[in-house]
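**Student:** what shape does this take:
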Amino acid sequence: MSHDIPLNWFLYFAAASFSIGLIGVLVRRNAIAVLMAIEIMLNAANINFVAFWRYGETPPGASPLSGVMVAVFVITVAAAEVAVGIGLILLCYRRWHAADVDRYDSLSG
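**Tutor:** Next up is the predicted model:
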């Protein structure tokens with residue numbers, strides 16, 4: 001089977017995306033930006049799942065769409081994570097009047 005783009009290009013892109021997301025989580029102070037960086041990291045994992053599904057061999061007894069099914073599951077979990085995360089950020093913003101993660105160091109007022 002001939003492939004137009006080699007597998008290692010997808011892996012390099014996923015590694016770069018994951019690194020950008022990790023730097024975003026560690027450096028950013030805004031809670032919304034941290035959530036977006038986590039989404040970039042999850043999308044990098046999805047790129048790996050789909051790339052290995054596309055270029056890999058299906059083991060005996062496994063579904064031929066297992067990589068895609070895992071990627072869809074990760075997208076579903078990411079959507080739920082964003083919904084809960086935005087709710088928590090709005091709750092914290094109402095309490096402390098800031099979206100700065102450094103201010104969220106305590107559960108008490």
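**Student:** okay, buried residues for the biggest helix by length in the chain please.
**Tutor:** Determined from DSSP state H, the single longest helix within the chain is helix 66-96. For helix 66-96, burial by neighbour count (16 or more other Cβ atoms under 10 Å) applies to 67, 70-71, 78, 85, 89, 92-93. (Each C-beta comes from the backbone N, C-alpha and C, glycine too.)
**Student:** could you do stretch 57-65 as well?
**Tutor:** Across stretch 57-65, burial judged by 16+ other Cβ under 10 Å covers no residue at all.
**Student:** and it, average pLDDT?
**Tutor:** In this model, stretch 57-65 has a mean pLDDT of 74.
**Student:** quote the end-to-end distance of that stretch.
**Tutor:** In stretch 57-65, first residue to last residue: 11 Å (Cα to Cα, to the nearest Å).
**Student:** would you mind measuring from the spatially most central residue of the chain to residue 57?
**Tutor:** What sits nearest the mean C-alpha location of the chain, by Cα atoms, centre = their mean, is residue 42, with 1.7 Å. Distance, residue 42 to residue 57, using Cβ to Cβ, to the nearest Å: 26 Å.
**Student:** cool, thanks, talk later.
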